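*Asks:* Sequence and predicted structure below; questions after.
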Amino acid sequence: MKGKLHNLIFLGMALGVVVGLGLWWLKKQAVEAAVPEPAWIGTAMWWLDLFGPTIFMGALKMIIAPLILASIVAGVTSLPNLSELGAIGWKTMLYYVATTTIAVIIGLVFVLTIKPGKTDAAQGVRNKRVAELVQYRDQFHAQTDQDALDADGNARPDFLAWISVQEGESGARGQDAAKFHKLTGAKGRTAGDIFKDDIVRPLLTNPFASVSATPPNSLGIIFFALLLGIACTITVARVPAAGNVIAFFQGLNAVIMQVTHWLMSVAPFAIGCIMAKMVAQNGPGIFETLGWYCATVIGAILVHVAVLVTICATIGKVGPIRLWKGIREAWMIAFTTRSSAATLPVTIANVTEKLKVSPKVANFSLPLGATMNMDGTALYEGVAIIFLIQIYGGLDDVTIAMTAMTTVLIFITAVLASVGAAAVPDAGLVTMVLVASAVHLPIYYIPLIFAVDAFLDMFRTSTNVLGDTVGAVVVNRLERRRLGD
Ligand code: ASP
């Protein structure tokens, strides 16, 4: 039974899709017949939500904060010496920067070559918007007695501000209101703000506040754990009682891994519930206008996966089959939960137990990677913004030209936005506001891609986790002699 867990998880996913499609179809029939949907569908959705997102994901999230704290302190204090921490640290960082850069470049090449924003369906969306803006010009003129455009035919600043108000109001209505509010909350932030508020400030937060925040402040926990681990290593020679602190965190780490194994044993059922609920809510209709966009993101992600697998085989000396067998449970859990953080306990278990990466490396690099290294997210942000520019570029309120400078700006901000994104579902969608603001794309255009975001989040989250695992394998290989394992 134990060895077959990945098959059961896969079965759970497949059954979840089938059940979800059935529920979605029944809901659709009710809408088409203009009758209320059967009451039992609502009850079924309630139970799916209870077992999947509420209990299973809730339990995974419950153990993340203590796990990050314990695993990093345990990792650092088990190293032969502190210079080894430096060696692991810089190699890990170099790997993160290199692979995230490659991911964004692949995404940009795909979106600029395939041009998903230039398809007939996408241009249909553009034409609708053109007609809307013509109406807006008339309405603006009628309300303010001013022309919307200046003598050169460019939109006047007053008109742009007026559109923004209209869009802010319409975007805040309907079922996407909550997501739209998150975007407007992030509006107007510069790269400097993201660096100060999302990277520096969280590092220096009271560790108890970091642990109890929802979601936990992973950066703050990592920083504090590193400090604690280093201080323990230095102090223990002088004050033997510091050894108790080390023993406590090493014990806590082992105990939390035990809880992780309990949770993994119920994963097939829970994953089936998460999948069924998501499919029942969205159905397959979301691909009608955004099909090429999804194909571009997924195509680019597949190429990046091939790059990661190649790096793993050549530098990490772990071939594709062994890699897949080693991490398939974490991969499937990332795919369904859409959270690198919720997957972290399983990632650590898979990488240390199946790929035999030393816990000295994995305990340190995997929590760091889950928080900061998001190849799939970085790739996605670049593709999404260029897709929107391809559709709306040149309209009254989108005066961006796709120059080399714009591409470089998108590249830099996409990397930053991926580092700033929390490892939770939809996080990439919120930090995308940074990329949009950098190139002056109004954020009220982002909701166009809301419909497929959850679906694409599955691909980017599983790629984020793959990137972290390959990083651990590579660094482990490079450091194996000095670790003395
Ligand atoms: N859901 C992703 C993750 O947890 C982040 C994102 O939304 O791109 O890795």
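*Replies:* Good, I have the coordinates. Numbers count the residues shown, from 1 in each chain.
*Asks:* Single out the residue in this structure that lies closest to the ligand.
*Replies:* Using CB to the nearest ligand atom, the single residue of the chain nearest to the ligand is Gly428, 2.7 Å away. Using the backbone N, CA and C atoms, a C-beta is placed for each residue, glycine as well.
*Asks:* secondary structure class for Val415?
*Replies:* Following DSSP: H, G, I helix; E, B strand; the rest coil, we place Val415 in the helix state.
*Asks:* close to the ligand, is the host helix or strand of Thr377?
*Replies:* For Thr377, the host element (DSSP states H and E) is helix 375-392. Yes. Using CB under 6 Å from any ligand atom, helix 375-392 reaches the ligand at Thr377.
*Asks:* ok, and the helix or strand in the protein with the lowest average confidence?
*Replies:* Lowest mean confidence among the helices and strands of the chain (mean pLDDT, DSSP states H and E): helix 177-186, at a mean of 61.
*Asks:* Apart from its neighbours in sequence, what residue is nearest Phe25?
*Replies:* In this structure residue 25 is Trp, not Phe. The shortest distance from Trp25 to any non-neighbouring residue, by CB to CB, 6 or more residues apart in numbering, is to Gly283 (7.9 Å).
*Asks:* Check the burial of Tyr136 by counting its neighbours.
*Replies:* For Tyr136, the neighbour count with other CB atoms under 10 Å is 20.
*Asks:* Could I get the contacting residues of it?
*Replies:* The contact partners of Tyr136, taken as CB atoms under 8 Å, 6 or more residues apart in numbering, are 148, 159, 162-163, 166, 396.
*Asks:* List only those of those flagged as buried.
*Replies:* Buried by 16 or more other CB atoms under 10 Å: 148, 159, 162-163, 396, out of the contacts of Tyr136.
*Asks:* Among these, which pair sits farthest apart?
*Replies:* Trp162 and Asp396 (10.8 Å; CB to CB).
*Asks:* Read off the pLDDT value for Thr43.
*Replies:* On pLDDT, Thr43 comes in at 94.
*Asks:* now do Ala70
*Replies:* Predicted confidence (pLDDT) for Ala70: 90.
*Asks:* Numbering from 415 from now on, please.
*Replies:* Sure thing, new numbering starts at 415, so read that last one as Ala484.
*Asks:* Point me to the residue sitting farthest from the middle of this structure.
*Replies:* Asp559 (46.0 Å; CA atoms, centre = their mean).
*Asks:* returning to that earlier point: can you tell me which of the contacts of Tyr550 are in strands?
*Replies:* Assigned to strands by DSSP state E, none of the contacts of Tyr550 qualify.
*Asks:* Helices - which of those land there?
*Replies:* In this view, the contacts of Tyr550 that belong to helices under DSSP state H are 573, 576-577, 580.
*Asks:* Same list, the residues you listed, but as CSV with distance to the ligand and pLDDT please.
*Replies:* Supplementary listing: those in CSV, determined by distance: CB to the nearest ligand atom, whole Å; pLDDT from 0 to 100:
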residue, distance to the ligand, pLDDT
Phe573, 34, 87
Trp576, 32, 86
Ile577, 28, 86
Gln580, 29, 79
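*Asks:* Tell me which two of those sit farthest apart.
*Replies:* The span of these, defined through CB to CB, is set by Phe573 and Gln580 at 10.6 Å.
*Asks:* residue ranges for the helices of the stretch 615-764 of the chain, please.
*Replies:* Applying DSSP state H, counting those that start in this stretch to the stretch 615-764 of the chain gives helices spanning 615-617, 621-626, 632-649, 656-679, 681-696, 701-728, 734-751, 754-767.
*Asks:* how many degrees apart are the longest one and helix 734-751 in direction?
*Replies:* Right, the one you point to is helix 701-728. Comparing the axes of helix 701-728 and helix 734-751 via axes from the mean of the first three to the mean of the last three CA atoms, to 10 degrees yields an angle of 140 degrees.
*Asks:* can you check the fourth one too?
*Replies:* Following the same axes, to 10 degrees, one obtains 80 degrees for the angle between helix 656-679 and helix 734-751.
*Asks:* what angle sits between helix 656-679 and helix 632-649?
*Replies:* When the same axes, to 10 degrees is applied, the directions of helix 656-679 and helix 632-649 differ by 140 degrees.
*Asks:* Pass me the low-pLDDT residue ranges in the protein, would you?
*Replies:* The chain contains residues with pLDDT under 70 at 415-417, 582-603, 699-703, 898-899.
*Asks:* How about the residues of it by the ligand?
*Replies:* Within the chain, the positions near the ligand by CB under 6 Å from any ligand atom are 752-754, 788, 791, 835, 837-842, 871, 874-875, 878.
*Asks:* What is the neighbour count of Phe873?
*Replies:* Phe873 is flanked by 22 other residues according to other CB under 10 Å.
*Asks:* now it, what's its secondary structure?
*Replies:* Under three-state DSSP, Phe873 comes out as helix.
*Asks:* Could you list which residues are in contact with the residue nearest to it when sequence neighbours are not counted?
*Replies:* Distances taken as CB to CB, 6+ apart place Ile715 nearest to Phe873, at 5.0 Å, with adjacent residues excluded. Neighbour list for Ile715: 790, 793, 873-874, 877 [criterion: CB under 8 Å, 6+ apart].
*Asks:* Would you check which pair of those residues lies furthest apart?
*Replies:* Leu793 and Phe873 (9.6 Å).
*Asks:* Need the overlap of contacts for those two.
*Replies:* Here Leu793 and Phe873 share the contacting residues 711, 715, scored by CB under 8 Å, 6+ apart.
*Asks:* Deepest-packed of the helices of the stretch 615-764 of the chain, please.
*Replies:* Among the helices of the stretch 615-764 of the chain, the stretch with the highest mean neighbour count (mean count of other CB atoms under 10 Å) is helix 754-767, at a mean of 26.
*Asks:* could you point out which element follows that helix?
*Replies:* Downstream of helix 754-767, the first helix or strand assigned by DSSP H and E is helix 773-786.
*Asks:* quick revisit: ok, the buried ones among the contacts of Tyr550 vs Gly634, which is closest?
*Replies:* Closest approach between those and Gly634, by CB to CB: Ile577, at 39.1 Å.
*Asks:* Now do the closest one against Tyr859, distance only.
*Replies:* Ile577 is 11 Å from Tyr859, where distance means CB to CB, to the nearest Å.
*Asks:* what's the answer for Leu464, then?
*Replies:* Taking CB to CB as the measure, Leu464 falls 36 Å from Tyr859.
*Asks:* higher neighbour count, the two?
*Replies:* Taking other CB under 10 Å, Leu464 and Tyr859 do not tie; Tyr859 has more neighbours (20 against 14).
*Asks:* wait, isn't that one in contact with Tyr806?
*Replies:* Yes. Assessed by CB atoms under 8 Å, Tyr859 is found in contact with Tyr806 at 5.6 Å.
*Asks:* Lys442: neighbour count?
*Replies:* Neighbours around Lys442, by other CB under 10 Å: 13.
*Asks:* can you pull the contacts of it?
*Replies:* Neighbouring residues of Lys442 by CB under 8 Å, 6+ apart: Gly697.
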